[in-house]
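[1] Make a model of this:
(one chain, ligands or ions: 1)
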Amino acid sequence: MSNEAHGSVTMTLDESNKSLSLPLRLGTIGPSVADISKIYGTLGVFTYDPGYGMTASCESKITYIDGDAGILLHRGYPIDQLAEHSSFLEVAYLLLNGELPTAKERHDFEYGVMRHTMLHEQLRRFFDGFRRDAHPMAVLCGVVGALSAFYHDSLDINDPEHRRISAFRLIAKLPTIAAWAYKYTIGQPFMYPRNDLGYAENFLYMMNAVPAEPYKVSPVLARAMDRIFILHADHEQNASTSTVRLAGSTGANPFACIAAGIASLWGPAHGGANEAVLKMLADIGHKDNIPDFIEKVKDKDSHVRLMGFGHRVYKNYDPRAKIMERTCHEVLAELGIKDDPLLDMAMELERIARHDEYFISKKLYPNVDFYSGIILKAMGFPTSMFTVLFAVARTVGWISQWKEMIEDPSQRIGRPRQVYTGSPQRDFTPLDARS
Ligand code: CMC
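    Down below sits the predicted model:
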């Protein structure tokens with residue numbers, strides 16, 4: 001962002017008639033931002049922005065979203081071109097380093113990531129401490145947090161080489177931890193990673209293979225998995241990424257920061273939404289029940305939402321949702337599923353919602369999660385694993401954003417303010433005087 005002001009906004013405080021000129025700063029594309037850093041010092045007031053919908057918390061060169069136009073760019077490249085022509089590890093390189101790799105850089109990066117896929121054997125024993133019915137997100141949170149206890153040689157956040165190795169370790173080990181979290185819940189032996197396979201292929205292998213027989217991953221499903229990873233790789237300053245940045249702003253180590261991001265991702269308004277879409281479809285039960293369900297969604301008192309619809313930033317079709325819908329058809333064809341009642345219901349829900357004034361006026365369109373659950377279910381993933389897959393893919397976005405923040409000379413500890421609405425100062429009341 002240029003430090004030069006491109007115009008200004010004037011803020012005047014009615015009571016004192018004091019004014020402050022807020023310089024407008026320009027990004028490469030997108031709206032300009034008013035720099036409010038001097039407001040408190042000059043006018044003695046803070047700004048109030050619950051949910052941070054109007055606040056740019058940082059400067060970033062990684063991802064750009066135009067929510068009104070339905071555009072998502074990573075380092076300037078449109079998501080549909082990346083999903084069509086690139087691979088997850090190439091996108092990972094792009095997010096981390098800013099440019100697409102040359103053939104040699106790509107080879108070295110893939111080789112480097114795939115040589116960090118194993119976990120410390122002692123970490124394997126960690127899994128035994130969990131109940132068999134633990135949610136895999138609980139296991140993921142715990143085990144990723146514990147990585148910082150195992151890799152002391154890459155915890156110095158001020159050392160670029162430590163940051164690089166931590167990034168490799170996180171991107172490489174997340175699929176292993178995720179697959180083992182799943183194997184643990186179903187009581188099957190852990191499958192060790194195979195570094196001769198591609199990233200997504202190796203993940204599907206660790207999820208589905210057993211030591212007793214050979215297992216070949218379908219190339220169509222490996223490609224679909226890889227594309228799903230690309231679609232989830234980064235999404236600028238969403239809740240989990242902001243959590244990672246906030247945790248990282250204190251100087252916490254990257255493994256702890258990513259564990260914080262995983263915790264933030266878990267909620268149904270964020271990464272848990274595709275799991276919630278499938279639950280919603282199961283609750284609806286049949287296409288005939290859709291009109292009644294839509295009426296319920298429109299009734300504010302019911303507190304029912306059309307899951308997989310709506311987005312804080314997209315007020316248009318989420319570009320990831322279109323690719324996801326296409327991938328859904330490809331996967332179902334590969335698996336020989338001709339009529340999938342869930343897909344039928346989802347398409348009918350989308351058709352009705354896209355013609356309904358409630359959704360049109362509120363600009364509610366399908367988001368990335370609307371179709372992803374159907375694909376993942378068809379691929380054999382239990383719903384409890386959906387958010388885990390999101391976390392595996394988003395790890396590269398989180399670590400790229402964390403790295404960018406650490407390398408930003410203007411970075412300070414994140415510390416929002418508040419409007420205090422509690423009791424004014426009062427004296428302590430002794431117990432026998434309280435009513
Ligand atoms: N179904 C019905 N009404 C909705 C929905 C929905 N899915 N989403 C928003 N609305 C209504 C909401 O009731 C509100 O109405 P009103 O103005 O009358 O009060 C209006 O639209 C604005 O909603 P909001 O909650 O203020 O919007 P937000 O930006 O705070 O929330 C959201 C964004 C994604 C949390 C929300 O749209 C939602 O809950 N969607 C369903 C959950 C979901 O699919 N989440 C995945 C998001 S994409 C993946 C990711 O980034 O993690």
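
[2] Take stretch 56-72 and give me the span from its first residue to its final residue.
    17 Å (C-alpha to C-alpha, to the nearest Å).

[3] again, but for stretch 33-47
    According to C-alpha to C-alpha, stretch 33-47 extends 14 Å from its N-terminal end residue to its C-terminal end residue.

[4] what about the helices in the stretch 51-200 of the chain?
    Counting by DSSP state H, counting those that start in this stretch, the stretch 51-200 of the chain forms helices over residues 79-85, 88-97, 103-114, 121-124, 136-146, 160-186, 199-208, given from the N-terminal end onward.

[5] Find me whatever residue is spatially closest to Ala273, sequence neighbours aside.
    For Ala273, ignoring the flanking residues on the chain, the nearest one in space by C-beta to C-beta, 6 or more residues apart in numbering is Asp369 at 4.0 Å. (Each C-beta comes from the backbone N, C-alpha and C, glycine too.)

[6] roughly how far apart are the one you found and the ligand?
    Summarising the geometry, the distance separating Asp369 from the ligand, computed by C-beta to the nearest ligand atom, to the nearest Å, is 5 Å.

[7] In TSV, list the helices of the stretch 51-200 of the chain along with distance to the ligand and mean pLDDT.
    Converted to TSV, these look like this (distance: least, C-beta to the nearest ligand atom, whole Å; pLDDT from 0 to 100):
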stretch	distance to the ligand	mean pLDDT
helix 79-85	13	96
helix 88-97	17	98
helix 103-114	25	97
helix 121-124	28	94
helix 136-146	14	96
helix 160-186	17	97
helix 199-208	20	98
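
[8] Tell me if I'm right that the residue nearest to Ala273 and Gly308 touch.
    Yes. Using C-beta atoms under 8 Å as the test, Asp369 is close enough to Gly308 to be in contact (4.7 Å).

[9] what sits in contact with each of those two?
    Residues touching both Asp369 and Gly308 (C-beta atoms under 8 Å, 6 or more residues apart in numbering): 273-274, 276-277.

[10] So which of those residues sit within helices?
    Among the shared contacts of Asp369 and Gly308, the members falling in helices are 273-274, 276-277 (criterion: DSSP state H).

[11] Pick out the residue in this structure sitting closest to the ligand.
    Per C-beta to the nearest ligand atom, Gly310 is where the chain lies closest to the ligand, at 2.4 Å.

[12] and this protein, which residues reach the ligand?
    Neighbours of the ligand within the chain, by C-beta under 6 Å from any ligand atom: 235, 238, 269-271, 273, 297, 305-312, 362, 364, 367-369.

[13] Show the buried residues in those residues.
    The neighbour count (16 or more other C-beta atoms under 10 Å) marks 235, 238, 270-271, 273, 297, 305-311, 364, 367-369 as buried among these.

[14] Where does the prediction get shaky in this structure?
    1-3 (pLDDT under 70).

[15] what ranges do the strands span in it?
    Defined through DSSP state E, the strands belonging to the chain, from first to last, are 8-13, 18-25, 33-34, 63-66, 71-74, 77-78.

[16] Does anything pack onto the fifth one? Which helices or strands?
    Contacting strand 71-74 under the criterion 3 or more C-beta pairs under 8 Å, 6 or more residues apart in numbering; DSSP states H and E are the following elements: strand 63-66, helix 79-85, helix 88-97, helix 319-334.

[17] which of the ones you listed is buried the deepest?
    Of all the helices and strands packed on strand 71-74, helix 88-97 carries the top mean neighbour count, a mean of 23, counting by mean count of other C-beta atoms under 10 Å.

[18] Return the angle between stretch directions for that helix and helix 160-186.
    Counting by axes from the mean of the first three to the mean of the last three C-alpha atoms, to 10 degrees, helix 88-97 lies at 140 degrees to helix 160-186.

[19] Residues contacting helix 88-97, please?
    In contact with helix 88-97 (C-beta under 8 Å, 6+ apart) are residues 62-63, 74-75, 77, 82, 86, 100-101, 105-106, 109-110, 113, 167, 171, 198-200, 226, 229-230, 233-234, 393, 396-397, 399-400, 403.

[20] Near Trp180, how many residues? Count them for me, please.
    As a burial measure, the neighbour count of Trp180 was computed by other C-beta atoms under 10 Å and equals 26.

[21] are any of the contacts of helix 88-97 buried, and which?
    Judged by neighbour count, with 16+ other C-beta under 10 Å as the criterion, the buried members of these are 62-63, 74-75, 82, 86, 101, 109-110, 113, 167, 171, 198-200, 226, 229-230, 233-234, 393, 396-397, 399-400, 403.
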